[in-house]
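Asker: Quick one: sequence and predicted model below, then my questions.
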Amino acid sequence: MRAPEPRRSIRAAVAAMVIAMITGCGADPSPPPGSPGSPGTGRGSSAAAPAVAVTVQVSRGAVTVRVGPARAPNGRVNVRPGRTVRIVVTSDVAERFHLHGYDRELALEPGLPGVLGLVADQPGVFEAELHGSGARLFELRVG
């Protein structure tokens with residue numbers, strides 16, 4: 001039996017190293033293009049951030065709006081583009097919640113929370129209201 005030629009072994013090893021370097025050993029540490037956190041999306045880490053929690057309570061015509069644990073100043077909810085927003089609305093009467101601009105609606109039953117989730121991907125100022133009473137609940141400001 002003949003011993004392998006040293007040049008063939010070296011060539012095979014070099015070829016294997018080049019292939020491994022080109023393919024990265026099958027691992028791609030960077031996120032795919034267009035995904036959150038990839039270069040050029042402009043969204044950075046905000047897509048991985050928790051949803052902005054907006055809680056609305058309507059009782060006897062009085063409206064309370066909170067963003068997280070704090071009251072929304074002047075009924076304004078400010079979010080950055082690309083953030084997920086979770087709106088929970090509870091009313092003491094049957095109503096229809098409507099978020100203008102996004103044209104999203106919720107049918108509300110007395111005392112039961114209605115939940116609306118969306119990605120704030122349209123810049124601007126959008127009014128949230130109740131259709132039955134016409135009550136203005138808050139402004140969603142994206143930008």
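Answerer: Structure received. Residues are numbered from 1 along each chain as shown.
Asker: Doesn't residue 74 belong to a helix?
Answerer: Yes - following the definition DSSP: H, G, I helix; E, B strand; the rest coil, residue 74 is counted among the residues of a helix.
Asker: roughly how far apart are it and residue 121?
Answerer: For residue 74, the distance to residue 121 (CB to CB, to the nearest Å) stands at 24 Å. C-beta: built from backbone N, CA, C; applies to glycine.
Asker: now do residue 84
Answerer: In this structure, residue 84 and residue 121 are separated by 10 Å, where distance is defined by CB to CB.
Asker: more crowded one of those two?
Answerer: Taking neighbours as other CB atoms under 10 Å, residue 84 and residue 121 compare with residue 84 leading, 17 against 12.
Asker: ranges for the strands of this protein?
Answerer: Assigned strands in the chain, in chain order: 52-59, 62-67, 70-71, 76-79, 84-91, 95-99, 104-108, 114-119, 124-130, 136-142 (criterion: DSSP state E).
Asker: Next, format the ones you listed as CSV and append mean pLDDT.
Answerer: Compiled in CSV, the strands of the chain are given as follows (pLDDT from 0 to 100):
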stretch, mean pLDDT
strand 52-59, 96
strand 62-67, 95
strand 70-71, 92
strand 76-79, 96
strand 84-91, 97
strand 95-99, 97
strand 104-108, 96
strand 114-119, 97
strand 124-130, 97
strand 136-142, 97
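Asker: for the nearest residue to residue 116 once chain neighbours are set aside, what are its contacts?
Answerer: The shortest distance from residue 116 to any residue that is not its chain neighbour, by CB to CB, 6 or more residues apart in numbering, is 4.5 Å, and that residue is residue 87. If a contact means CB atoms under 8 Å, 6 or more residues apart in numbering, then residue 87 has 54, 56, 97, 99, 115-118, 128 as its contacts.
Asker: Can you give me the neighbour number for the residue nearest to residue 66 when sequence neighbours are not counted?
Answerer: Sequence neighbours aside, residue 55 is the residue nearest to residue 66 in space, at 4.6 Å (criterion: CB to CB, 6+ apart). Using other CB under 10 Å as the criterion, residue 55 is surrounded by 17 other residues.
Asker: I'd say residue 55 and residue 65 touch.
Answerer: Yes - shown here, residue 55 and residue 65 form a contact pair, counting by CB atoms under 8 Å, at 7.4 Å.
Asker: If anything else comes up later, I'll come back, but that's it for now.
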